[in-house]
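Engineer: got a predicted structure here, sequence first:
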Amino acid sequence: GMEALLEAVDLKLQQLVVRAVPGLGSQKALEVSRPSLCRVRFPDDLSVEEAAERWAFLRKHCRLREDSIAAEEKATTVDVLMDDVARAKFEQRFGPGVLP
């Protein structure tokens, strides 16, 4: 059912991270997704449960820069190193438009 579907989607996302690069002179050349810096906002009106779920996801799938945690107008932000797979999973789980 739903669990099998989620596992299939997860596998497909992981496969997309590493893909062959044509024209590099080697049939085994690979393109590897590199983490990029991303600022994640936790709006002040976010429920405690939702904030905890997002934080747990980021700790599991990303590299947090805890020294970057800052209070901004109506939100708390943290910088994370996030690869394409983690970004896709985050947006799938928490909705599009949450990440910049």
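Structural biologist: Nice, thanks for sending it over.

Engineer: from the contact counts, what lies against the longest strand seen in the chain?
Structural biologist: For the chain, the longest strand by residue count, based on DSSP state E, is strand 63-72. Contacts defined by 3 or more CB pairs under 8 Å, 6 or more residues apart in numbering; DSSP states H and E place strand 63-72 against strand 75-82. C-beta: built from backbone N, CA, C; applies to glycine.

Engineer: just the buried residues of the strand it packs on, please?
Structural biologist: By neighbour count with 16 or more other CB atoms under 10 Å, strand 75-82 contains the buried residues 78-80, 82.

Engineer: nearest to Leu46, of those?
Structural biologist: Checking those against Leu46 with CB to CB, the nearest one is Val78 at 13.0 Å.

Engineer: which parts of the protein are helices?
Structural biologist: Ranges of helices within the chain are 2-17, 48-61, 84-94, based on DSSP state H.

Engineer: what's the angle from the longest strand of the chain to helix 48-61?
Structural biologist: Between strand 63-72 and helix 48-61, the angle comes out at 150 degrees (axes from the mean of the first three to the mean of the last three CA atoms, to 10 degrees).

Engineer: all numbers from here: first residue = 72
Structural biologist: Sure thing, new numbering starts at 72, so read that last one as strand 134-143.

Engineer: if we can go back for a sec, okay, the helices of the chain, which one's buried deepest?
Structural biologist: Counting by mean count of other CB atoms under 10 Å, helix 155-165 has the highest mean neighbour count of the helices of the chain, with a mean of 17.
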